[in-house]
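Chemist: Please find the sequence and the predicted model below.
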Amino acid sequence: MRAGLEPFEKTPDPTQFHPTSKGIWTVPMALALILWGTPEAIMEQQDDYTDGFLEWAPCSYRFLPTLPNGDDGKTVSGFELRRRPPASLNSLELAVSSHRYGEPHTSLDGAKAALINAGSRGCLSATGIDAAGNETVITSFMESIAVP
């Protein structure tokens with residue numbers, strides 16, 4: 001610790017976000033369970049967990065495209081603190097292709113099919129948020145997996 005300041009980079013305590021403590025899972029969490037079956041992979045799909053991260057990331061900014069003296073301006077490169085983006089099917093696809101959590105048990109399409117199959121058999125229930133912001137039960141499980 002320098003100058004009496006805590007580190008700017010933040011990492012949430014994983015013990016506070018173990019998937020078994022969650023009564024409600026998102027579609028990406030359920031897919032991560034099918035794909036890898038590890039608490040770490042599932043936890044990384046929890047937005048309340050990933051939102052707790054502040055990480056240094058490289059960045060580059062260009063200032064003043066053209067100055068009065070004809071100079072093209074200045075590019076400054078460095079690092080900035082960024083939050084992790086929310087979980088999505090796109091982020092899962094990247095995790096599958098990069099083997100971020102190890103070799104997946106199936107493809108993302110295979111995991112989606114398994115999730116739809118489990119929902120169709122009544123093994124899962126689904127809720128959603130309607131346009132007015134109210135929680136509503138989704139009666140057809142196929143509606144709940146229709147994520148772009």
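Modeler: Arrived safely, thanks for sending.

Chemist: Tell me where this structure has strands.
Modeler: Secondary structure of the chain, counting by DSSP state E: strands at 55-63, 74-82, 127-129, 135-137.

Chemist: hmm, who's touching stretch 50-67?
Modeler: With contact meaning C-beta atoms under 8 Å, 6 or more residues apart in numbering, stretch 50-67 is reached by 8-12, 44, 72-87. To be clear about C-beta, it is placed using only N, CA and C from the backbone, and glycine gets the same treatment.

Chemist: Longest helix in the protein, by number of residues?
Modeler: For the chain, the helix with the greatest residue count under DSSP state H is helix 108-120.

Chemist: what about that helix, distance to the chain center?
Modeler: Chain-centre distance of helix 108-120: 19 Å, with C-alpha atoms, centre = their mean, to the nearest Å.

Chemist: show me what contacts residue 136?
Modeler: By C-beta under 8 Å, 6+ apart, the residues touching residue 136 are 127, 128, 129, 130.

Chemist: before we move on, the earlier item: then the longest helix of the chain to CSV, C-alphas only?
Modeler: Extracted C-alpha coordinates of helix 108-120, given in CSV (Å, rounded to 0.1, in the frame of the first residue of the first chain):
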residue,chain,number,x,y,z
LEU,A,108,-22.7,-24.3,-26.6
ASP,A,109,-25.4,-25.5,-29.0
GLY,A,110,-25.3,-28.9,-27.2
ALA,A,111,-25.7,-27.2,-23.9
LYS,A,112,-28.6,-25.1,-25.1
ALA,A,113,-30.3,-28.3,-26.4
ALA,A,114,-29.7,-30.0,-23.0
LEU,A,115,-31.2,-27.0,-21.2
ILE,A,116,-34.2,-26.9,-23.4
ASN,A,117,-34.7,-30.7,-22.9
ALA,A,118,-34.5,-30.3,-19.1
GLY,A,119,-37.0,-27.5,-19.2
SER,A,120,-39.4,-29.4,-21.5
